[in-house]
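**Q** build me a model from this:
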Amino acid sequence: MLRHFYFRLLPPQLGKRYAQCRSIHIMAGILMFIYALFFVENFSQNWMQFLAMAPPAIVIIVLAIFKKNLIVDSQNNRVFRILEAGILFMAAIGFLQKNQMPPSILYGLFAVFLLLILYIENRMFSSQYIDVTESGVSVALPTHDKKMEWDRIRNIVVKGNYFTLEEKEGVIRQYPIVNSLTEDEFVQFNYFCDTYLRRS
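**A** Have a look, this model is predicted:
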């Protein structure tokens, strides 16, 4: 009998999440371009810094607006987020060296925010699963995996494309899933759950 079952989660409102992802790319690109403009004043000496900042900023903004599918690909998104965070950290250090604290703090905090968002996006835009094993149930959430042992669970129901979990405290959680179990695997899954629910 199988002792490990998994169901792929369907992320809710994925289109909305992609739109938010692109808007944050645009915000980062705008901040990068604003910093690049500080090098225009003394362009003859700072042209290299300007060219290091302005073209990437423009590319990010253009791709986020016109190449929506490219920018939300998990691999591409990771590259752009790291590039944005790196340039904004450099900008924060540049402002700090000039004793310009408010923009330094703004750019530094936004760079940290981008790295946090990158972690969440990596989880959200990759395949996530509900795992049912002998030790309990683990549900992949945007920021962490929620693990529940069998002694905390009252009932588990998989019907259609929904995984419903009822905790003994009375909390009911429902997750949209892709149910790929065969008929035989589904029978084994129900027997497996009934066995461990009775033990708890």
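
**Q** next, the buried residues of the strand or helix carrying residue 25.
**A** Counting by DSSP states H and E, the element that carries residue 25 is helix 14-37. Of all the residues in helix 14-37, those buried under the rule 16 or more other C-beta atoms under 10 Å are 17-18, 21-22, 24-29, 31-33, 35-36. Where C-beta positions appear, they are placed from N, C-alpha and C, glycine not excepted.

**Q** and stretch 182-200, by the same measure?
**A** So for stretch 182-200, counting by 16+ other C-beta under 10 Å, buried means 188-189, 192-193, 196.

**Q** what lies in contact with that stretch?
**A** If you take C-beta atoms under 8 Å, 6 or more residues apart in numbering as the criterion, stretch 182-200 is touched by 1-3, 5, 132, 134, 149-156, 158, 181.

**Q** what do you get if the cut-off is 7 Å, keeping everything else the same?
**A** 1-2, 5, 150-151, 153, 155-156, 181 (C-beta atoms under 7 Å, 6 or more residues apart in numbering).

**Q** low-confidence ranges, the protein, go.
**A** 1, 12 (pLDDT under 70).

**Q** domain-wise, how is this protein divided?
**A** Domain assignment of the chain by automatic domain parsing yields the ranges 14-124, 128-199.

**Q** which one of those has the most crowded surroundings?
**A** Mean neighbour count, computed with mean count of other C-beta atoms under 10 Å, is highest for domain 14-124 among these, reaching a mean of 16.

**Q** measure stretch 152-171 end to end?
**A** 10 Å (C-alpha to C-alpha, to the nearest Å).

**Q** rewinding a little: other SSEs contacting the helix holding residue 25?
**A** helix 43-66, helix 68-71, helix 74-97, helix 101-124 (3 or more C-beta pairs under 7 Å, 6 or more residues apart in numbering; DSSP states H and E).
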